[in-house]
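Chemist: Could you work out the structure for the sequence below:
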Amino acid sequence: MLTDSQKIAFAAPNVRRAVVYAALSARPDAKLGEQISGMDRLYFTTDPVRTAMGRLKKVLFPWMVLDFRANPTKTKATCIFDMYLTNGDQSNDEYAKLLGHMRTVRQNSELAKSMSWLKRVATSSSRTVDAGIFDDMFRLHLFGSSQDAFSRSLHQHLFRQIVSTPPTMSLSNELATAVSEIQQTCKDAGFSMKNLGLADSFA
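Modeler: Below is the predicted model of the structure:
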């Protein structure tokens, strides 16, 4: 049986738009009053635009990695890393390995910029990006970093909220602007807007 994070990560491209709007929508079922949970308390005391954007980025990450795997480029790799992975635990072996890959990606990118167009094209095959450099981070995103069952359940909580939230297409101007910025960043990096569920005009 798929976890909630897997349901989102492997959602078909034609349903990702609805998942995006669900991530951006306010939760209708949060419990208020004395019985309010810690997660719900956090939800209501955090800036709503920041909360919605955090949820959006949670659903976009696996789709960006899958899009990258299908067509790996240095620009996409840099976009994923800069958007999600700049503050990782450097003592973690998987993260340390990713940092090594990213150093190579950035060096190759700078090297290509210093070449003439003809030389850059002729030598491009020597600077290809490994399609699997984010695989470890992808697994952590799906299952969490802990082997403890309770911790893994907590990790799934946010994804469960998104899966159970009815999508609302109406966004505030401030939220629409924030989504447009993410959309433009991903578009500039070469990601498919359909694959990311971001084909709508949010501006």
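
Chemist: What residues sit buried inside the host helix or strand of residue 138?
Modeler: Take DSSP states H and E as the rule and residue 138 turns out to sit in helix 135-143. Using 16 or more other CB atoms under 10 Å as the test for burial, helix 135-143 gives 137-138, 140-142. C-beta here means a position set from N, CA and C on the backbone, and glycine is covered the same way.

Chemist: before we move on, what about stretch 176-186?
Modeler: Buried residues in stretch 176-186, counted by 16+ other CB under 10 Å: 176, 178-179, 182-183, 186.

Chemist: contacts for that stretch?
Modeler: Stretch 176-186 is contacted by residues 24, 49, 52-53, 56-57, 60, 64, 79, 83, 171, 193, 196, 198, 202-203 when judged by CB atoms under 8 Å, 6 or more residues apart in numbering.

Chemist: Just the buried residues of the residues you listed.
Modeler: Buried subset of the contacts of stretch 176-186 (neighbour count, 16+ other CB under 10 Å): 24, 49, 52-53, 56, 60, 64, 79, 83, 171, 196, 198, 202.

Chemist: Now the two most distant members of those.
Modeler: Largest separation among those by CB to CB: 79 and 171, giving 23.0 Å.

Chemist: So what touches stretch 73-85?
Modeler: Here stretch 73-85 has contacts from 57, 61, 64-65, 67-68, 95, 98, 101-102, 105-106, 108-109, 112, 127, 129, 133-134, 137, 185-186, 189-191, using CB under 8 Å, 6+ apart.

Chemist: do stretch 6-16 as well
Modeler: By CB under 8 Å, 6+ apart, the surrounding residues in contact with stretch 6-16 are 2, 19, 58-59, 62-63, 66, 138, 141-142, 159, 162-163, 194-197.

Chemist: Can you point out the buried residues in that stretch?
Modeler: Residues of stretch 6-16 classed as buried: 8-9, 11, 16 (neighbour count, 16+ other CB under 10 Å).

Chemist: would you turn those into a markdown table with secondary structure?
Modeler: Listed next are those as a markdown table, based on DSSP: H, G, I helix; E, B strand; the rest coil:
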| residue | secondary structure |
| --- | --- |
| 8 | helix |
| 9 | helix |
| 11 | coil |
| 16 | helix |
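
Chemist: Now the two most distant members of the residues you listed.
Modeler: Greatest spatial distance in these: 9 and 16, 10.4 Å, computed using CB to CB.

Chemist: residue closest to the middle of the chain?
Modeler: The chain has residue 61 as the residue nearest its centroid, 1.8 Å off, counting by CA atoms, centre = their mean.

Chemist: That one against residue 141, yeah?
Modeler: Yes: using CB atoms under 8 Å, residue 61 is in contact with residue 141, at 5.7 Å.

Chemist: Export stretch 16-24 to PDB, keeping only CA atoms.
Modeler: This file holds the C-alpha atoms of stretch 16-24, laid out as PDB (Å, rounded to 0.1, in the frame of the first residue of the first chain):
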ATOM      1  CA  ARG A  16      -0.900  17.100 -10.300                       C
ATOM      2  CA  ARG A  17      -2.600  20.400 -11.000                       C
ATOM      3  CA  ALA A  18      -5.300  19.400  -8.500                       C
ATOM      4  CA  VAL A  19      -2.600  18.300  -6.000                       C
ATOM      5  CA  VAL A  20      -0.900  21.700  -6.300                       C
ATOM      6  CA  TYR A  21      -4.200  23.500  -5.500                       C
ATOM      7  CA  ALA A  22      -4.800  21.200  -2.600                       C
ATOM      8  CA  ALA A  23      -1.400  22.100  -1.200                       C
ATOM      9  CA  LEU A  24      -2.200  25.800  -1.600                       C
END
